[in-house]
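S.K.: Next input, structure requested:
(one chain, ligands or ions: 1)
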Amino acid sequence: MNNFEELNLNAELISAITELGFVKPTPIQELVIPVLLDSNRDLVGLAQTGTGKTAAFGLPMIQKTDTSIKQTQGIILSPTRELCIQITKDLKSYSKNYKNLRVTAVYGGSSIETQISELQKGTHIVVGTPGRTLDLIKRKKLNISKINTVVLDEADEMLSMGFKEDLNSILETTPESKQTLLFSATMPAEISRISAKFMKNPLEISAGDKNVTAVNVKHIYYEVQARDRYEALKRIADVNPKIYGIIFCRTRRETKEIADKLIQDGYNADALHGDLSQAQRDSVMGKFRSKHLQLLVATDVAARGLDVDDLTHIINYNLPDENDVYIHRSGRTGRAGKSGISLSILHMREKHKLRAVEKMIGRKFDKLLVPSGKEICEKQLFKLVENVEKVEIDESQIAPFLDVIYKKLEWLNREDLIKKFVSVEFNRFLSYYKGAKDLNQVCDPREERKPRQPKERRDRSERQTEFGFSRLFINLGSSTNLNPSSLIGLINQYTRERNIDIGRIEIMKNFSFFEVDSSFEKIILKAFKDASFNDIPIVAELANPKQSIQNTKTPSNFTRKENFKRKENFSKRKKIGKKRRD
Ligand code: AMP
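M.R.: So this is what the prediction gives:
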């Protein structure tokens, strides 16, 4: 199917949607529109937002409405006020050539009196949140006796927001003969129960597989240590200068914290969470929709009503506890045929969640490395150059200053001038990322499965250290008369600690390696800072920082096997230590 004419839509509708830029029907429209126009059959549609489902049910509803009678003929129930407003807006633009057709939105948190007076003027299609719609039905302000279509939009969201009872009541009170359409991005068991109870032999239509995300969304993850999550987020934002996305957090507190930090760090960001008043919500959403904000930090609940088409990224600051939520989050990008990226910042312990999500959506996530400072600076530099190329010059405004500017800069040649202009902004990134550390989590089980290098080719400093131990380097060796007991003496002397577990000691000619309980790693390195041995200033450092990260795991996050091994090692050390002291 290539065009809307073949779907038997009226010329009035086709002309309106053509003006909106709809050239051909989306897959869900191809499937749903003919069924709704030709029959009264109930329908369950598996579709996410962004697939064009509003037009899929909205266009036939408009076409089937009898505008010669002033009766409400269709009700569309949707989970949030924002979605109600959006759907109403969409239906109004689709029906712009139907002069007498009226669509009214009703939702909580807004004056019921105004909504009642709108209903009393006569309306054909009501778009409402379940609670307010039921309230109006009970007050007998919304007449449902002539309803021929009920749409449950984002049914799974309505259920998860606690509207189950309201939905049941509405479906029970509306006429038996009505056509019921249910759209949902996921199909939890409760949806099947609603469909079994209230729908007659519904036709099941799917714009994709069950619980599957859009094909044009790329799923990516970065693996970092938990403490580096925020730093990784900033790098992701910095390496994508044109990012326009939502950062999902699990709690209001985290949402506020991250948004505050981003704002303080100079990002164009704001927060959307349940503690905001409706006016504050509207203001934040308005700024985000009009792209005056690049990053919106939000909780899942608060972001529900937000419908924005061209998001470049969805960022999961952490993976949600429920896999369904991931589908909703990622479904906010890659809408209307565009491509999008859903990325997640994970730490090791979240890997199992990742596997569960992969299984559910039937797609593999690609692992990317958190960009280095160098990569970010490069990206920002080219963005800067692009901005310079594209900036429009307001000749009349700048003209009066040019003579002075030319004079002031005449001593600079072309190359220096370019370098200086670019550096004004670029220096900020250079200095911020100067010496920036590698944030990539090193302990990836996928990497661990790779065959190890042959023994002789492994660097001595990379030697596997036992769990719970860190391997340190010291610039002293046999040539400077260091031996195991003098090394232990040095540690005792400078740390003033007698209970440090010391592991393997390797004395070389000019330097040595020794292992210590990881929880004393920092204390020893600090103690050795101004220390000396036989008048030689001591230089000590971590022999293999990568292994240190792995070994500084706290006992609570060791696996049982690791804990067992660790205990065994400690008791062995104790025996050796005892022998040494004896
Ligand atoms: P929805 O899933 O209804 O929220 O629609 C997502 C976006 O796709 C909205 O901005 C619609 O205006 C747009 N859209 C819907 N149908 C089409 C179509 N056939 N062609 C192009 N865009 C569409």
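S.K.: Run through the residues that contact the residue most central in space within the chain.
M.R.: Centroid-nearest residue in the chain, with Cα atoms, centre = their mean: I315, separated by 2.1 Å. I315 is in contact with 233, 236, 245-248, 343-345, counting by Cβ atoms under 8 Å, 6 or more residues apart in numbering. The way it works is simple: take the backbone N, C-alpha and C, and place the C-beta from them, glycine included.
S.K.: ditto for N148
M.R.: N148 neighbours (Cβ under 8 Å, 6+ apart): 40, 64, 73-74, 175, 177-179.
S.K.: from those residues, which is closest to the ligand?
M.R.: Set against the ligand, the nearest of these by Cβ to the nearest ligand atom is G74 (16.0 Å).
S.K.: Would you mind measuring from the closest one to A543?
M.R.: 72 Å (Cβ to Cβ, to the nearest Å).
S.K.: out of these two, which sits in the more crowded spot?
M.R.: Using other Cβ atoms under 10 Å as the criterion, G74 and A543 rank with G74 on top: 27 against 24.
S.K.: Look at the more buried one and report its pLDDT.
M.R.: At G74, the model reports a pLDDT of 96.
S.K.: Which phi and psi values does it adopt?
M.R.: phi -140, psi 140 (degrees, to the nearest 10).
S.K.: buried sites along stretch 525-537?
M.R.: 527-528, 531, 533 (16 or more other Cβ atoms under 10 Å).
S.K.: again with stretch 182-200
M.R.: Result for stretch 182-200 [16+ other Cβ under 10 Å]: buried residues 182-187, 191, 194-195, 198-199.
S.K.: Among those residues, name the ones in strands.
M.R.: Judged by DSSP state E, strands contain the following of these: 182-184.
S.K.: Count the residues that sit near whichever residue of the stretch 351-500 of the chain sits closest to the ligand.
M.R.: Distance from the ligand to each residue of the stretch 351-500 of the chain (Cβ to the nearest ligand atom) is smallest for I361, at 18.6 Å. Residues contacting I361 under the criterion other Cβ under 10 Å number 21.
S.K.: What's the separation between it and R335?
M.R.: 17 Å.
S.K.: quick revisit: neighbour-wise, which one of the contacts of N148 leads?
M.R.: G74 (27 neighbours).
S.K.: Within range of the ligand, give me the residues from this structure.
M.R.: Counting by Cβ under 6 Å from any ligand atom, the chain comes close to the ligand at 22, 25-26, 29, 49-55, 307, 309, 335-336.
S.K.: Spatially, which two of those residues are the most separated?
M.R.: Pairwise distances across the residues of the chain next to the ligand peak at 19.7 Å for P25 and D307 (criterion: Cβ to Cβ).
S.K.: what about these two, which has more around it?
M.R.: More crowded of P25 and D307, by other Cβ under 10 Å: P25, with 24 against 20.
S.K.: does the more buried one sit in a helix, a strand or a coil?
M.R.: Using DSSP: H, G, I helix; E, B strand; the rest coil, the structure places P25 in coil.
S.K.: ok now do it, which residues does it touch?
M.R.: If you count contacts by Cβ under 8 Å, 6+ apart, then P25 has 1, 3-4, 7, 33, 52 around it.
S.K.: If we use 6 Å, what do you get?
M.R.: Shown in contact with P25 (Cβ atoms under 6 Å, 6 or more residues apart in numbering): F4.
S.K.: can you check K92 too?
M.R.: Counting by Cβ under 6 Å, 6+ apart, K92 has contacts V103.
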